[in-house]
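In: sequence below, structure please.
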Amino acid sequence: MEETLMKDIFWTVVLVAVFTISFALTSSALDRKEAVAFWDFEDVKGDVVPDITGNGHEGAIKGNVDVTDGKYGQGLKFDGKVGSVVIVENHKALQITEDITMEGWVFPTSPNQGYVVGKQGSYGMPLWNNLEVKWVIWGGDWFTGIQPKVDEWNHIALVYDFKAKTRLIYLNGKEEGDQKTTMTMPVSPHPLTLGQWVTLTGQERLIGIIDDIGIWNRPLSADELNKSMEPSPVEPKDKLATMWSMLKKR
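Out: Predicted coordinates for the structure are as follows:
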């Protein structure tokens, strides 16, 4: 009986420690539910890609887009063919004209042109020749000179700080360039898309995989972007339930 009591005390201490650490990690992580839209691809069901923010910007898979291994958990694989795209319906919240951050992981499997996320007629993150990242504000493209690597995971973030009149590019959490601009992004009736533009399908179609794609209506800092590069933390209550289940089995 004494041995059983000691085991119970031990596992209770472990349980409390795990909960405390989990809570601390979760508290320090970037809250992706504060984004306008965020797709982590963990719960894709059929052709529906959930938006984990709860804002309802779910995507619809069209063409040859498959769930596959992502940077963390699951991602989406695109074959680069016309019509292989995820379409997110147009919404006022996605009609961003000033501050914005577009970010996510991309694993290109071809050195040709590609595309991560954007809203035709407004803003976007296409990959030009040799995968050069192009920072699109419609009517004022910036060819950044930054090229993600083929067959590797690359985290790309495009940030527009409207107050500072500056747009920036980050690669793998490091600022790689900036450009002064006074432009605003036009309001567009087109949907937001992943994998290729909605109608400009003759170019900039992704061959590769994407994961953890986010759209924010504010400029994320370098510190926030580095936090966003980390995997989504498991909620403390989920870890607590798992550990409690283990404890009861002993």
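In: wait, isn't L192 in contact with G118?
Out: Yes. If you go by Cβ atoms under 8 Å, L192 and G118 touch, sitting 7.0 Å apart. (Each C-beta comes from the backbone N, C-alpha and C, glycine too.)
In: what's the closest non-adjacent residue to the spatially most central residue of the chain?
Out: Centroid-nearest residue in the chain, with Cα atoms, centre = their mean: I213, separated by 1.8 Å. Once flanking residues are discounted, I213 sits nearest to G104: 3.6 Å by Cβ to Cβ, 6 or more residues apart in numbering.
In: can you pull out the helices in this protein?
Out: 2-28, 222-228, 236-249 (DSSP state H).
In: got the buried residues for the shortest one?
Out: The one in question is helix 222-228. Residues of helix 222-228 classed as buried by neighbour count (16 or more other Cβ atoms under 10 Å): 224-228.
In: now do stretch 40-50
Out: 40-42, 44, 49-50.
In: send the alpha carbons of it over as CSV?
Out: Only the C-alpha atoms of stretch 40-50 are listed here, as CSV (Å, rounded to 0.1, in the frame of the first residue of the first chain):
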residue,chain,number,x,y,z
ASP,A,40,-2.2,24.5,-40.3
PHE,A,41,-3.7,21.7,-42.4
GLU,A,42,-4.0,19.3,-39.5
ASP,A,43,-7.7,18.7,-39.8
VAL,A,44,-8.4,18.7,-43.5
LYS,A,45,-11.6,16.7,-44.2
GLY,A,46,-12.3,15.9,-47.8
ASP,A,47,-11.9,19.1,-49.8
VAL,A,48,-12.3,21.4,-46.8
VAL,A,49,-9.3,23.2,-45.3
PRO,A,50,-10.3,24.6,-41.8
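In: N129 is in contact with Q113, isn't it?
Out: Yes. With contact defined as Cβ under 8 Å, N129 and Q113 form a contacting pair (6.4 Å).
In: these two: which has the busier surroundings?
Out: Using other Cβ atoms under 10 Å, the more surrounded residue of N129 and Q113 is Q113, with 21 against 13.
In: ok, that one - contacts?
Out: 126-129, 131, 203-205 (Cβ atoms under 8 Å, 6 or more residues apart in numbering).
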